[in-house]
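> Quick one, what's the 3D model for this:
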Amino acid sequence: MISRALLALTLLPTFAFADAVVLPMQDRAVVIDEWLDTRVQTVLPDIMRRSEIDMWIIISREYNEDPVLRTFLPATWQSARRRTILMIFDPGDGQALETLAVARYGVGSTFEKAWDKEEHGEQWQRVADLVAERDPKRIGVNYSDSFALADGISHTEYQLLSQALSPELRGRLTSAENLAIGWLETRSADEMTVYQNICHIAHEILAEGLSEAVIQPGITTTSDVAWWYRERVRERKLSVWFHPTVSVQRAEDPAQDMKESIAARFDEVVIQPGDLIHVDFGITYLRLNTDTQQHAYVLRPGETDVPQAMKAAFARGNRLQDILTNNFAEGLTGNEILSRSLEQAEKEGITASIYTHPIGYHGHAAGPTIGMWDQQDGVPGAGDYPLYSNTAYSIELYAESPVEGWDKPVRIRLEEDAFFDGDTVRYIDGRQEAIFTIPRLRK
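So this is what the prediction gives:
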């Protein structure tokens with residue numbers, strides 16, 4: 001049965017609108033918990049079978065939570081309680097997963113309480129008994145060399161689990177890396193119905209900050225704008241997952257390479273006419289994240305539009321996005337997609353850098369890394385992971401172009417959230433295709 005909160009979200013129009021709806025906290029909790037129940041029933045079984053793991057054990061103590069465990073907690077839980085042990089077992093033959101909480105408390109409506117100290121004795125003995133009763137062939141636990149998000153079991157918890165199991169069962173312990181990444185990266189149909197609205201909220205806040213409503217050239221600093229974003233997000237009863245970055249490129253400043261640009265501080269740079277402003281901004285809502293980079297140009301006195309050469313530079317950035325997303329194909333690794341895209345960009349004369357990452361439960365989320373700004377030859381480990389369907393990405397990159405009147409290239413740094421359905425890539429709430437002007441052009 002669909003909740004009133006989820007129904008309200010699914011009925012949202014997909015066209016642009018001001019002040020997109022943000023649910024009250026209680027309704028958010030309803031949506032989060034319904035999504036979790038649905039994901040466990042519809043997403044997790046396929047991921048477990050694809051990973052060839054028939055029991056997954058996730059262990060955390062309060063305030064030292066495995067990143068994966070946090071995605072299984074009900075909305076009203078802010079952390080694990082005492083030692084929380086989740087056990088997910090696939091009995092096979094198409095049967096439903098068994099989801100148990102070997103803990104003092106049941107974990108939401110999904111994980112049934114399976115341990116009572118007074119009845120069953122010590123917690124670790126109960127774990128051992130439950131595992132032995134089910135006799136799984138492969139027992140997945142979260143450790144990984146390549147992915148921090150799949151490396152959540154602590155040394156202590158791994159030792160205690162190993163000691164609790166019989167030697168035979170202990171020998172069946174294996175890394176749940178692919179299972180953990182698959183769970184985190186795969187988006188459900190319900191989530192994708194609403195993700196458009198989440199990205200739209202981020203877009204409308206971002207656009208408002210890149211306008212004369214916030215920026216007075218000659219007075220407003222880049223730090224002022226960054227903190228305006230923080231305050232505006234709070235006003236909308238949302239949160240950010242990183243502090244916004246606001247920077248400028250201007251014709252008279254010396255050229256910087258990417259490393260210098262990232263290390264540079266723009267905290268108190270006063271925004272001036274002729275500046276190309278760049279913002280990197282992301283919000284968190286309903287446990288999903290956004291990550292967006294867009295540009296605005298501050299009109300000089302007498303200018304009525306963005307200079308044509310600047311528009312052409314921006315178009316090359318959009319073209320680089322197209323080159324990258326056209327190379328998405330299920331089964332290709334992040335490194336293969338990176339290599340093919342950079343090769344095509346070079347053929348088209350685009351000076352490019354690609355550093356795209358998954359987006360979802362985390363900002364820099366689980367899944368294949370497609371380049372890093374300082375690793376354009378590929379990323380060992382995370383870049384070797386393949387692309388799967390029903391996954392989302394922040395299409396992050398830059399293209400350099402000469403601009404008339406500038407004695408250095410202009411770097412168009414773009415980032416937009418997109419969804420890969422297994423065949424094609426679509427931007428979840430569209431993408432920026434023209435530079436904003438400050439002030440906005442009047443028709």
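> what's the straight distance from one end of stretch 84-95 to the other?
This stretch, stretch 84-95, spans 25 Å end to end (Cα to Cα, to the nearest Å).
> Residues contacting it, please?
44-45, 48-49, 53-62, 69, 72, 97-103, 107, 111, 114, 123, 127, 130-131, 134, 136 (Cβ atoms under 8 Å, 6 or more residues apart in numbering). From N, CA and C alone the C-beta is placed, and that goes for glycine too.
> Now the terminal residues of stretch 270-287, how far apart.
35 Å.
> Would you mark the buried spots in that stretch?
271, 274-287 (16 or more other Cβ atoms under 10 Å).
> ChimeraX command for the buried members of the contacts of stretch 84-95?
Here is the ChimeraX selection string for the buried members of these, based on 16+ other Cβ under 10 Å:
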select :44,45,48,53,54,55,56,57,58,59,60,61,69,72,97,98,99,100,101,102,103,107,111,114,123,127,130,131,134,136
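> Please flag which of the contacts of stretch 84-95 sit within strands.
Among those, the residues falling in strands (DSSP state E) are 55, 56, 57, 58, 59, 60, 61, 98, 99, 100, 101.
> any chance of these in a markdown table, plus distance to residue 184?
Listed next are the ones in strands among the contacts of stretch 84-95 as a markdown table, based on distance: Cβ to Cβ, whole Å:
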| residue | distance to residue 184 |
| --- | --- |
| 55 | 19 |
| 56 | 13 |
| 57 | 17 |
| 58 | 12 |
| 59 | 17 |
| 60 | 15 |
| 61 | 21 |
| 98 | 21 |
| 99 | 17 |
| 100 | 21 |
| 101 | 20 |
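> ok, those vs residue 303, which is closest?
residue 60 (56.1 Å; Cβ to Cβ).
> before we move on, the earlier item: out of the buried residues of stretch 270-287, which two are the most distant from each other?
Top of the distance list for those (Cβ to Cβ): 274 and 287, 41.0 Å.
> how does this structure divide up, domain by domain?
Domain ranges of the chain: 44-183, 187-438, per automatic domain parsing.
> residues near residue 427, how many?
16 (other Cβ atoms under 10 Å).
> tell me which element it falls in.
Counting by DSSP states H and E, the element that carries residue 427 is strand 425-427.
> Quick check: which ranges of the protein have low pLDDT?
Scanning the chain for pLDDT under 70 picks out 1-18, 263, 265-266, 443.
> So residue 268 is in contact with residue 221, correct?
Yes: in terms of Cβ atoms under 8 Å, residue 268 counts as a neighbour of residue 221; the distance is 5.1 Å.
> gap between the residue lying closest to residue 249 once chain neighbours are set aside and residue 406?
Closest residue in space to residue 249, ignoring its immediate chain neighbours: residue 276 at 4.5 Å, by Cβ to Cβ, 6 or more residues apart in numbering. Distance, residue 276 to residue 406, using Cβ to Cβ, to the nearest Å: 9 Å.
> Tell me where the stretch 301-443 of the chain has helices.
Using DSSP state H, counting those that start in this stretch, the helices of the stretch 301-443 of the chain run over 308-326, 334-347.
> Of those helices, which is nearest residue 370?
Of those, nearest to residue 370 by Cβ to Cβ is helix 334-347, at 4.3 Å.
> quick one, strands of the stretch 301-443 of the chain?
With DSSP state E, counting those that start in this stretch as the criterion, the stretch 301-443 of the chain has strands at 351-354, 357-358, 391-401, 410-420, 425-427, 436-438.
> Quickly run through the sheet partners of the shortest one, with directions.
The strands that strand 357-358 pairs with in its sheet are strand 391-401 (antiparallel) (by DSSP bridges).
> distance between the partner strand and the chain's centre?
13 Å (Cα atoms, centre = their mean, to the nearest Å).
> Equivalent analysis for stretch 208-215, please.
That offset, for stretch 208-215, works out to 26 Å (Cα atoms, centre = their mean).
> Now it: buried residues?
Quick answer for stretch 208-215 (16+ other Cβ under 10 Å): 209, 210, 214, 215.
> Ok, stretch 295-302 next?
Neighbour-count burial for stretch 295-302 [16+ other Cβ under 10 Å]: 295, 296, 297, 298, 299.
> what's near enough to touch the second one?
Contacts were defined as Cβ under 8 Å, 6+ apart; by that measure residue 296 touches 210, 211, 215, 276, 277, 279, 435, 436, 437, 438.
> No further queries at this time; thank you.
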